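Q: from the sequence below, what's the structure:
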Amino acid sequence: MEKVQNHIQANRERYLEELFDLLRIPSISAQSEHKPDMQRTAEWLAAALVKAGADHAEVMPTEGNPVVFAEKIVNPKAKTVLVYGHYDVMPVDPREEWRTEPFEPTIQDGRIWGRGADDDKGQLFMHVAAFEAMCATDSLPCNVKFMLEGEEEIGSPSLYGFCARNKKMLKADIILVSDTSMISMEQPSITCGLRGLAYMEVEVTGPNKDLHSGLFGGAVANPANVLSRLVAQLIDDEGRVTIPGFYDKVRELTPAERKAFNKAPFCLRRYKQALEIGAVEGEAGYTTLERTGVRPSLDVNGIWGGYIGEGTKTVIPSKASAKISMRLVPNQDHMEIAKLFEKHFKAIAPKSVKVKVKSLHGGQPYVAPTDMPAYKAAAKAIETTFGKKPLPFYSGGSIPIISGFESILGIKSLLIGFGLSEDAIHSPNESYGLEQFYKGIETIPYFYKYFAE
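A: Coordinates of the predicted model:
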């Protein structure tokens, strides 16, 4: 391992330059005008993996954006690790809130600033760099396969079919993923649970055209007003989701489990200070850690309707819409929850409007056992580089395809992410600490070593 670590130290600047080249490509999967950028990113990664030491790499077409597959087989009898990551990134809106150019990465205050710096290009590229270091020093103890997709930020719609068609090619002992966060650099952690996701879009339609708010106001239902009332009814004063049946399958933690869960380091004062909020809010009777880790939630992700341009335009809009996400916990099924949401939303709507409800995408919750060999190898690797044992941690986020891997491929996933809450993923001014980036590259080879042993 000394040779590997020396190689990493000698190539730190080159790794950073290569990551910057990757970050400059605006691979936004949610926006169709970036379709050529998705292909360009996939081709860049395939070339990088061959250069790093893969036996071969190819850009494989899907119904949507391509999947990059690469592999290096050191010994057919050795353990096989399948590295998963995604090269697509979130849109940059609102653009005016960025302090730097989203796709021109820069280093300031010891951090890499730019869209995808953490999620997931920065974390994905750590694996490419670590793989290169092991190949260059003839130190790779496992077979390694890479599966890098370009649709995670829109729910991985094409990857389910890709996995089903390529089970033999993707056969492995564990799926290794870095697309999550740690508690802190002082207290590392391994994500052993993800919340599921049901993502909906609703449309409320009133009159057949926009109306003059003076001539019709007070006589005709305003879709924007109605939508606001409907959304407000989805959560009660205790912070609980009001959809009938929503909590039916949620398993309540025992007092002992809750006590153990809340042992994770957390400072409410610093949490509020970092977000510049006066108070936290959520389901009554639960801590902030519980609310974001082991309890389900519902949030409006976007809401629109009517005139929002400069100046005034006094209209009653014909339509108003919203995107709404529900984060789910083990035992909740995203398809069942989507149906319950649709039924409830239509039931509470007044007859003065028409309502459309559409399920955009979703995924099941995921739990990774802490007693599996891969988890133990990761814990030992992190302790080696951080000097402290990692805690198991439940993330409030979702990676819908992870539960899909288990159901389709029959393979568990190990989630060793190096992100931090201050990285502002999905938001303007996303960043990734240089220390996080390099510490990840240094840690990953130890995982291979201990997993092989």
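Q: helix, strand, or coil at K272?
A: helix (DSSP: H, G, I helix; E, B strand; the rest coil).
Q: let me fix that: G282
A: With three-state DSSP as the basis, G282 sits in coil.
Q: so it sits right up against R240, yeah?
A: No. Judged on Cβ atoms under 8 Å, G282 makes no contact with R240 at a distance of 9.6 Å. Just so you know, the C-beta spots here come from the backbone N, C-alpha and C atoms, and that holds for glycine as well.
Q: contacting residues around the nearest residue to I8 once chain neighbours are set aside?
A: Closest residue to I8 apart from its sequence neighbours, by Cβ to Cβ, 6 or more residues apart in numbering: A133 at 5.0 Å. Taking Cβ atoms under 8 Å, 6 or more residues apart in numbering, we find A133 in contact with 4, 7-8, 11, 139, 441, 445.
Q: tell me which of these fall in helices.
A: Applying DSSP state H to these, the entries found in helices are 4, 7-8, 441, 445.
Q: let me have those in a markdown table, extended by neighbour count, pLDDT and distance to G302.
A: As requested, these are exported to a markdown table (neighbours: other Cβ atoms under 10 Å; pLDDT from 0 to 100; distance: Cβ to Cβ, whole Å):
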| residue | neighbour count | pLDDT | distance to G302 |
| --- | --- | --- | --- |
| V4 | 24 | 98 | 45 |
| H7 | 18 | 98 | 45 |
| I8 | 22 | 98 | 41 |
| I441 | 27 | 98 | 36 |
| P445 | 26 | 98 | 41 |
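Q: of all the residues you listed, which comes closest to P61?
A: Nearest to P61 out of the ones in helices among the contacts of A133 is I441 (Cβ to Cβ; 30.5 Å).
Q: tell me how far the closest one lies from V83.
A: Here the criterion is Cβ to Cβ, to the nearest Å. By it, I441 lies 13 Å from V83.
Q: can you check M326 too?
A: Separation of M326 from V83 (Cβ to Cβ): 30 Å.
Q: what does P157 give?
A: In this view, P157 and V83 are 21 Å apart by Cβ to Cβ.
Q: ok, the two, which is more surrounded?
A: Using other Cβ atoms under 10 Å as the criterion, P157 and V83 rank with V83 on top: 24 against 17.
Q: what residues are bridge-paired with the more buried one?
A: Beta-bridge partners of V83, counted by DSSP bridges, are F146, L176.
Q: what's the residue of the chain most remote from its centre sitting at in phi/psi?
A: Residue farthest from the centre of the chain, counting by Cα atoms, centre = their mean, is L215 at 46.9 Å. When read as degrees, to the nearest 10, the backbone of L215 gives phi -80, psi -30.
Q: what of A320?
A: For A320, the backbone dihedrals (degrees, to the nearest 10) come out as phi -140, psi 140.
Q: swap in L140?
A: Its backbone dihedrals place L140 at phi -80, psi 120, with angles given as degrees, to the nearest 10.
Q: how far away is it from F437?
A: For L140, the distance to F437 - Cβ to Cβ - is 21 Å.
Q: so who does the closest residue to M169 other than its chain neighbours touch?
A: Among residues not flanking M169 along the chain, F69 sits closest, at 7.0 Å (Cβ to Cβ, 6+ apart). Counting by Cβ under 8 Å, 6+ apart, F69 makes contact with 57-58, 60, 145-148, 166, 169.
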